[in-house]
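Colleague: Below are the sequence and a predicted model; questions follow.
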2 protein chains.
Amino acid sequence: MKSTLLVLLSIVLLNHDSYSQSAIEDSITIRAIYDEILTEGECYENLRVLCKDIGNRLSGSENAEKAVLWGEDLLNSYGFDNVRLQEVMVPKWERGYDEIGQILHKDQVIPVGICALGGSIGCERPVIAEVIEVKYLSELEALGEENIKGKIVFFNRALDPLLINTGAAYGGAYDQRSSGASTSAKHGAVACLVRSLTLSDDDSPHTGAMSYDDNYPEVPAAAISTSGAKLLSELLKENKDLKFEIQLNCKAYPDVPSSNVIGEILGSENPEKIIVVGGHLDSWDVGEGAHDDGAGIVQSIEALRCLNALGIKPKNTIRVVLFMNEENGNNGGKTYAQEVKKSREYHVAAIESDAGGFTPRGFNVDGNEMQAEKFKSWAPLFEPYELHRFKRGFTGVDISPLRNDTIALFGLSPDSQRYFDFHHSDRDTFENVHKRELELGAAALCSLLYLIDKHGLE
Amino acid sequence: MKSTLLVLLSIVLLNHDSYSQSAIEDSITIRAIYDEILTEGECYENLRVLCKDIGNRLSGSENAEKAVLWGEDLLNSYGFDNVRLQEVMVPKWERGYDEIGQILHKDQVIPVGICALGGSIGCERPVIAEVIEVKYLSELEALGEENIKGKIVFFNRALDPLLINTGAAYGGAYDQRSSGASTSAKHGAVACLVRSLTLSDDDSPHTGAMSYDDNYPEVPAAAISTSGAKLLSELLKENKDLKFEIQLNCKAYPDVPSSNVIGEILGSENPEKIIVVGGHLDSWDVGEGAHDDGAGIVQSIEALRCLNALGIKPKNTIRVVLFMNEENGNNGGKTYAQEVKKSREYHVAAIESDAGGFTPRGFNVDGNEMQAEKFKSWAPLFEPYELHRFKRGFTGVDISPLRNDTIALFGLSPDSQRYFDFHHSDRDTFENVHKRELELGAAALCSLLYLIDKHGLE
């Protein structure tokens, strides 16, 4: 706060400077945004409804379509302009019931938490096979078919606890989940088990997207909980001939139509210039999709609600997009970007919130040098609200297809320590989202929208 | 991280500069500290034992004495030097069983969560009286005895949600709890109810210290849960003649002896110069004292364990102090400071962790300009670990009596959003502390100890 006070003090002393006058206005407006959201905020209640009255909402599911209607109704209820659905074709994949994972060790049958990875084929009959444990995809080549054929490959590389940002740790372990199945099948494996991508030591399997390489047979792929992975690894040391049983009942269907949900506040001066804020409406089919990404959805809506509530009339069009299908295809993001290109809409910037509803720590930026510098010059305005990170980095999956030579992309960067405890698991529920932390994120989004609209990025 | 890399790069290019060489060493050592604590850390398991095998531990209680022995054993188990107990006289106050708070509204009896404030007298028989609701102590003077006599004063001022740091919000509502009883009794009230000092909307009453002014009668004082306060306030609007029943069975006893627990790593060059790190071993008598302040205790011990584990030989003596009685008297902090003065020990600095085991955001400093500037110059070393706040501010109750012209005081400053959800209530349990967040705090403490020891503060 001190540096902001110093900034303001110097501004007062030199008030013939019009930029300085503007900085005072910015400071006052941002305070009003935080005040509105922290006292009259509706995002937490909106999240409760999305999580509890609808629940999880995988693309192509009945719940996803309920969420689309919920989103459309909510945007209309706030009186946003041009509320509409944008058709998106999405994959339809269903988990089915009674997934079974058990260790068959001597005369014991030990159940452990597993769940199909999204996109996996099911098992016609239970797969029962010996297990070969590895940490890296590259190990399979060296082991060769003679050590892998007929077995279940068990990828057991933990997230690196030394990486302070857990998103980086997730990125470093991601290949096991995305490519483990086909790499295993290439060498003759009959199935693949992947240690859950979480730093938490718990019994919940964490699902997530995987895909098959057309060159190899498709084999079932499941996540195993970290506690299950630990047990399996220990028992394998003692008995490398133990077997593991996997039963998955998931199934893929032909693609089905779904929708992005869009609404906006039309710009008073340059309605043709668009600033987007959004997150993704779909979630995995476990838990309630609360942090991932119900939080980003309700924060983005709240940002527009707040602008209206404060009577702020943006110069440019501020558009909220509830993207469909981030989790298993990103067809919402891709479709949106294609339509933008086709209609030659001009996008000034896009902001995404998809890293959990935790205390915001700053924003990442992806844009040219001038845009990044302009953005960083606003950092002192956020210091009283305890946002300190204003740097280049990954901004979000949904908005990534919008990338071109002119747009600037931004990603809200909340505290990352707890995110992967919940991510893609039955623990991602409303109860694990903190009201104030969620609201602080919404206020940060709204403040950045306000600054980009007012000052531009040039 | 970028700025640190730039710092390091410039150092490499100009490596004839001995300060720069030192900065490289610092950067490497701090990375080693984080690595050690994030992979071999013992603080989370130590917290589990303190919370689950002992539990809450109010000064003067049997549990507090168990905690003293636990602390002494633990410091000995790590091979610290000069492990010892320092006698501290402490108040002994017991809550007793079956606290009752209920709203008597028309023919309804509505129980709400209350608990005695620490230090309150009990009720010889249940207090049943009308209620007068106020927000500020100053309102009582204006209302006068005619509106207060024979009634229960209900202080219902919420923590200000607009203050981003919740510690500031707590400070702004604190006077209701500390002085509400005597201010009420001055005007003839028979008891006092205080809205729990939390931003959370829940059913748990949050206790905490209060004291009586000798000039006025002592009346019972209790915290009421925020949900209870909301209900009571609503019903009072409808029926100002409703009554409230309070039954408290607490009792004060004469002071008893207890102990601070002390251990150290003797300095290799200047053993007579001391750097203290600590928190408080006592807690309120509800919950498990996990965030307040089990976290600070185990982090402080972990900081010394880590120095030993890495073979770092401090030049000065690094001392850990587990202070007794922060919650209701601060006799541990006062006794420690008196003994320091008496023995003319020289203290370079003292660091406290007593704001919860959440993601660390930085440190507060309380010292002279030179000390504060030296401290701030280390900020880039902490940036890769996502600590950004390095400024003047409150550092800690336990170390505050050490304040003099030469010492520098520091307080670990974790993210504050969740702290008062748990503080002084039955929700302050081990399960609500996050392993990595706790460890990141311990690593920050250890890193600051290392820097102060190596570079001093002059």
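Modeller: Nice, thanks for sending it over. Residues are numbered from 1 along each chain as shown, chains lettered A, B, ... in the order given.

Colleague: how about the residues of the stretch 51-200 of chain A that lie near chain B?
Modeller: Selection of the stretch 51-200 of chain A residues close to chain B by C-beta under 8 Å from any C-beta of the partner chain yields A:161-162, A:164-166, A:199. In this view, the C-beta of every residue, glycine as well, is placed from N, C-alpha and C.

Colleague: one more time with 6 Å, if that's ok
Modeller: Taking C-beta under 6 Å from any C-beta of the partner chain as the criterion, the neighbours of chain B within the stretch 51-200 of chain A are A:161-162, A:164.

Colleague: Pick out the residue closest to the middle of chain A.
Modeller: The C-alpha lying nearest the average C-alpha coordinate of chain A belongs to residue A:354 (C-alpha atoms, centre = their mean; 3.8 Å).

Colleague: Dihedrals phi and psi, it?
Modeller: phi -150, psi 50 (degrees, to the nearest 10).

Colleague: Run through the residues that contact it.
Modeller: The neighbours of residue A:354, taking C-beta atoms under 6 Å, 6 or more residues apart in numbering or on different chains as the test, are A:279, A:293, A:296, A:396.

Colleague: Just give me the closest of the residues you listed to residue B:327.
Modeller: When the contacts of residue A:354 are ranked by distance to residue B:327 (C-beta to C-beta), residue A:296 comes first, at 39.9 Å.

Colleague: wait, doesn't that closest one sit right on residue A:356?
Modeller: No: with contact defined as C-beta atoms under 6 Å, residue A:296 and residue A:356 do not form a contacting pair (8.5 Å).

Colleague: For the residue nearest to the centre of chain A, give its distance to residue A:283.
Modeller: As defined by C-beta to C-beta, to the nearest Å, residue A:354 lies at a distance of 11 Å from residue A:283.

Colleague: hang on, residue A:121 packs against residue A:221?
Modeller: No: the pair residue A:121 and residue A:221 does not pass the contact test of C-beta under 6 Å, sitting 8.2 Å apart.

Colleague: Comparing those two, which shows the higher neighbour count?
Modeller: Of the pair residue A:121 and residue A:221, residue A:221 is the one with more neighbours under other C-beta atoms under 10 Å in any protein chain shown, namely 32 against 19.

Colleague: residue contacts, the more buried one?
Modeller: Per C-beta under 6 Å, 6+ apart, neighbours of residue A:221: A:117, A:120, A:181, A:192, A:210.

Colleague: Mind telling me which residue of chain A is nearest chain B?
Modeller: For chain A and chain B, the shortest gap (C-beta to the nearest C-beta) falls at residue A:388, measuring 3.7 Å.

Colleague: okay, now the closest residue in space to that residue that isn't next to it in sequence: neighbour count?
Modeller: Taking C-beta to C-beta, 6 or more residues apart in numbering or on different chains, and ignoring the residues beside it in sequence, residue A:388 has residue B:388 as its nearest neighbour in space, at 3.7 Å. Residue crowding around residue B:388 was assessed by other C-beta under 10 Å; the count is 20.

Colleague: How much space separates residue B:388 from residue B:380?
Modeller: 11 Å.

Colleague: What of residue A:254?
Modeller: Taking C-beta to C-beta as the measure, residue A:254 falls 55 Å from residue B:380.

Colleague: Would you mind telling me which of the two has the busier surroundings?
Modeller: Between residue A:254 and residue B:380, counted using other C-beta under 10 Å, the more crowded position is residue B:380 (17 against 8).

Colleague: Kindly confirm my reading that that one is in a helix.
Modeller: Yes: secondary structure of residue B:380, determined by DSSP: H, G, I helix; E, B strand; the rest coil: located in a helix.

Colleague: show me the contacts for the closest residue to residue A:288 other than its chain neighbours.
Modeller: Setting aside the residues directly before and after it, residue A:288 is nearest to residue A:51 in space (C-beta to C-beta, 6+ apart), at 3.9 Å. With contacts taken as C-beta under 6 Å, 6+ apart, residue A:51 has the following neighbours: A:288, A:290, A:294, A:430.

Colleague: If we use 10 Å, what do you get?
Modeller: Contact criterion C-beta atoms under 10 Å, 6 or more residues apart in numbering or on different chains gives A:57, A:283, A:287-290, A:294-295, A:298, A:428-431, A:433 as the residues in contact with residue A:51.
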